[in-house]
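>>> Kindly generate the corresponding structure for this input.
(one chain, ligands or ions: 2)
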Amino acid sequence: MKIAFIGGGVMASALLQAAARVPEITAVHVVEPLAARREKLAADGVAACATPADLPAGLGACLLCVKPQDMPQACAGLAAAVDLDGLPVISIAAGTTIARLRGWLGGGLIVRTMPNTPLRAGQGCTFACAADPAAAEAAAVPLKIFAAAGLLLWLDDERLLDAATALSGSGPAYVYLLIETMARTAREMGIEADAALAAAVATVSGAAAMAGGPGADPAELRRQVTSKGGTTKAALDTLEAAGFAPALAAAMEAARQRGAELAGEEPDA
Ligand SMILES: NC(=O)C1=CN([C@@H]2O[C@H](COP(=O)(O)OP(=O)(O)OC[C@H]3O[C@@H](n4cnc5c(N)ncnc54)[C@H](O)[C@@H]3O)[C@@H](O)[C@H]2O)C=CC1
Ligand SMILES: O=C(O)[C@@H]1CCC=N1
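Ligands and ions are numbered 1, 2, ... in the order given. Reported below is the predicted structural model:
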């Protein structure tokens, strides 16, 4: 199957690597208006063109990988150049509804997804929601791109994609902030910079591996670290006094609301 990526930025690059692991996908073509990005893609052996008019015939699916504000123009350009009748079209954009995509595209079997950047490490998490069962079925092969690079989870209610964005789409940024803060504080305590960062990363990935083990309960794992009257208790009491858990919940709620706002906003507003 021949697949077109519309947009060749951060997420498209991660998905291109994953696409190489799907045997049914025989060719990928990227539409990217920025010459410097096309050159970078070409250097990586990816066929890149400036407009959808330059895409080859016989595409089996299209992946929309542009920012929400660029989506109307990208969809209009695609619809003018490619016959979308019966073609699976997968969007990865935050806060861009299936109804809007359908309006701009005028056709296509639409699936909306919310992936995340750890796809690049083969440890991504993608939520998907299809316009209808026919769209989910038609998109089975291109959706293997997401499954090839991590978890693929389905949602029946499209509105929950905003919660998915707050959880796993934006989530890597919360974890990077945690790692940055732990490493910086360890440096300030006197641990050498490389060791501090390596230890912060190993602690987060080790804890995540245990939390993802069969039957694991994160709350029980936390209790196992927390000795009575010990160091962890002192740390967790301080986090609680500073409002760590409510602050994280409020951050996720802000991300969810921003996704819902984007869905209701005029894209060029
Ligand atoms: N960065 C992230 O962590 C995540 C991003 N997303 C979604 O992925 C989408 C892309 O985000 P990024 O890859 O981070 O952005 P990016 O800015 O790295 O890539 C977007 C690319 O689209 C190109 N572009 C702009 N207009 C175009 C058009 N009309 N036709 C073709 N290409 C066009 C831009 O030149 C750029 O290279 C966004 O909608 C975002 O909501 C979803 C999950 C996670
Ligand atoms: O910040 C954003 O809007 C995008 C969507 C999820 C992660 N990055």
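>>> ok, and what's touching the one helix or strand residue 263 maps to?
Assigned by DSSP states H and E, residue 263 belongs to helix 244-264. Helix 244-264 is contacted by residues 68, 94-97, 100, 159, 161-163, 165-167, 169-170, 174, 239 when judged by C-beta atoms under 8 Å, 6 or more residues apart in numbering. Any C-beta I mention is one placed from the backbone N, CA and C, and that applies to glycine too.
>>> Return the set of buried residues in it.
Under the neighbour-count criterion of 16 or more other C-beta atoms under 10 Å, helix 244-264 has 252, 255-256, 258-260, 262-263 buried.
>>> Closest residue of the stretch 101-250 of the chain to ligand 2?
In the stretch 101-250 of the chain, no residue comes nearer to ligand 2 than residue 169, which is 3.4 Å away by C-beta to the nearest ligand atom.
>>> who are the neighbours in contact with that residue?
Counting by C-beta under 8 Å, 6+ apart, residue 169 touches 94, 114-116, 255.
>>> now, which of the residues you listed lie close to ligand 1?
94, 114-116 (C-beta under 6 Å from any ligand atom).
>>> can you tell me which of these are in strands?
Of the ones next to ligand 1 among the contacts of residue 169, the ones assigned to strands by DSSP state E are residue 114.
>>> contacts with ligand 2 among the ones next to ligand 1 among the contacts of residue 169, please.
Within the ones next to ligand 1 among the contacts of residue 169, those near ligand 2 by C-beta under 6 Å from any ligand atom are residue 94.
>>> Among the ones next to ligand 1 among the contacts of residue 169, name the buried ones.
Counted by 16+ other C-beta under 10 Å, those give 94, 114-116 as buried.
>>> in the stretch 101-250 of the chain, which ranges drop under the pLDDT threshold?
Nowhere does the stretch 101-250 of the chain drop to pLDDT under 70.
>>> interface residues of it facing ligand 2?
Near ligand 2, when you scan the stretch 101-250 of the chain using C-beta under 6 Å from any ligand atom, you find 165, 169-170.
>>> mind putting those in CSV, secondary structure and distance to residue 205 included?
Shown next, in CSV, are those (DSSP: H, G, I helix; E, B strand; the rest coil; distance: C-beta to C-beta, whole Å):
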residue, secondary structure, distance to residue 205
165, helix, 23
169, helix, 20
170, coil, 19
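>>> Output those residues as JSON lines; include the columns distance to residue 193.
As requested, those are exported to JSON lines (distance: C-beta to C-beta, whole Å):
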{"residue": "165", "distance to residue 193": "33"}
{"residue": "169", "distance to residue 193": "30"}
{"residue": "170", "distance to residue 193": "27"}
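>>> Let me know the closest of those to residue 147.
Nearest to residue 147 out of those is residue 169 (C-beta to C-beta; 16.9 Å).
>>> now the closest one: how far from residue 222?
Residue 169 is 25 Å from residue 222, where distance means C-beta to C-beta, to the nearest Å.
>>> Which residue ranges of the stretch 1-150 of the chain form strands?
Using DSSP state E, counting those that start in this stretch, the strands of the stretch 1-150 of the chain run over 2-6, 27-31, 47-49, 61-64, 88-91, 109-114, 124-130, 150-154.
>>> How about the fifth one and ligand 2, any contact?
What that stands for is strand 88-91. No - with C-beta under 6 Å from any ligand atom as the criterion, ligand 2 is not reached by strand 88-91; the gap is at least 11.9 Å.
>>> How far away from the center of its chain is that strand?
Computed by C-alpha atoms, centre = their mean, to the nearest Å, the chain-centroid distance of strand 88-91 equals 15 Å.
>>> What of the fourth one?
Offset of strand 61-64 from its chain centre (C-alpha atoms, centre = their mean): 15 Å.
>>> Report pLDDT for residue 263.
Here the pLDDT value assigned to residue 263 is 77.
>>> Tell me how far residue 70 lies from ligand 1.
Relative to ligand 1, residue 70 is positioned 4 Å away (C-beta to the nearest ligand atom, to the nearest Å).
>>> Brilliant, that's me finished.
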